[in-house]
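[1] Sequence first, then the predicted structure:
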Amino acid sequence: MITFQKKSVKIISVLIALVFVGSVVALALTQFGSGMASAAGNSNVGTVDYRQVMSQHPQLQSANSELQQAVQDAQKDFEEKSANMSDQEKSDYYQQTQQRLQQKQQELLEPIQKSVEDAVKSVADAKGLTVVIDKNAVVYGGTDITQDVVKKVSK
C-alpha cells in the first residue's frame, strides 16, 4: 500500500510540474512580443495579441500533440525505471526527466516563435510601424496588427 501511494505521489508530482512548466511558458510567450519592439523616435506604434497569434498558429497543434506524447512516454519510462530505485535516485531521475521535457518543449516552440516574430516584423515593416508591443500592455492607442500577423503566419 505504501509503495502504491509513493508511486501515485510521484505521478501526480510529474503532472503538477508539467502544468507549472506549461504555465511559465505561456506567460513567457505573452511577454515575448514586447521584447521585439525597437525604440525609435517615430510614434508609429503597432499592437499585436501575441497569445492569439500563437494559439492560431498552424503548427501549434502538432507541437502540443508531440509534447503530450513525450510527457506520456516520459511518465511511462519513469514508472518503469524508478520501480527499483531509492528515493534519492528517483528524485534525481525525476529532475533529469523534467529537464528533458523542458528541452523538448523549447525545441518544439522555438520555430513557432520565430515564425511569429518574423511575421510581426514583416507586417510592421509593410505598415510603416517602428514599434510593436503586446496588446495586453497597451491602455490606449496603437494600430492593432494581430489579424494581419495571423494571416501571414497561416500562409
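    That came through, no problem.

[2] Every contact and neighbour count from this point should use C-alpha atoms.
    OK.

[3] pLDDT below threshold where in this protein?
    For the chain, the stretches flagged by pLDDT under 70 are 1-10, 13-15, 17-43.

[4] mind listing the helices for it?
    2-32, 50-55, 60-81, 87-127, 146-154 (DSSP state H).

[5] Out of those helices, which gets nearest to Asp134?
    Asp134 lies closest, by Cα to Cα, to one member of the helices of the chain: helix 50-55, at 6.2 Å.

[6] in that closest one, what counts as buried?
    50-51, 53-54 (16 or more other Cα atoms under 10 Å).

[7] could you redo those as a markdown table and give each row distance to Gln99?
    As requested, those are exported to a markdown table (distance: Cα to Cα, whole Å):
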| residue | distance to Gln99 |
| --- | --- |
| Tyr50 | 26 |
| Arg51 | 25 |
| Val53 | 27 |
| Met54 | 23 |
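
[8] Among the residues you listed, which one sits closest to Lys135?
    For the buried residues of helix 50-55, the closest approach to Lys135 (Cα to Cα) belongs to Tyr50, at 7.5 Å.

[9] mind checking how far the closest one is from Ala137?
    Per Cα to Cα, to the nearest Å, Tyr50 is found 11 Å from Ala137.

[10] just Lys90 next, same as before
    Lys90 sits 42 Å away from Ala137, going by Cα to Cα.

[11] Ile16 now?
    Distance of Ile16 to Ala137, given as Cα to Cα: 29 Å.

[12] likewise Glu80?
    For Glu80 relative to Ala137 (Cα to Cα), the value is 46 Å.

[13] Same question for Val150.
    Per Cα to Cα, Val150 is found 19 Å from Ala137.

[14] which of those two has more neighbours?
    Taking neighbours as other Cα atoms under 10 Å, Val150 and Ala137 compare with Val150 leading, 23 against 13.
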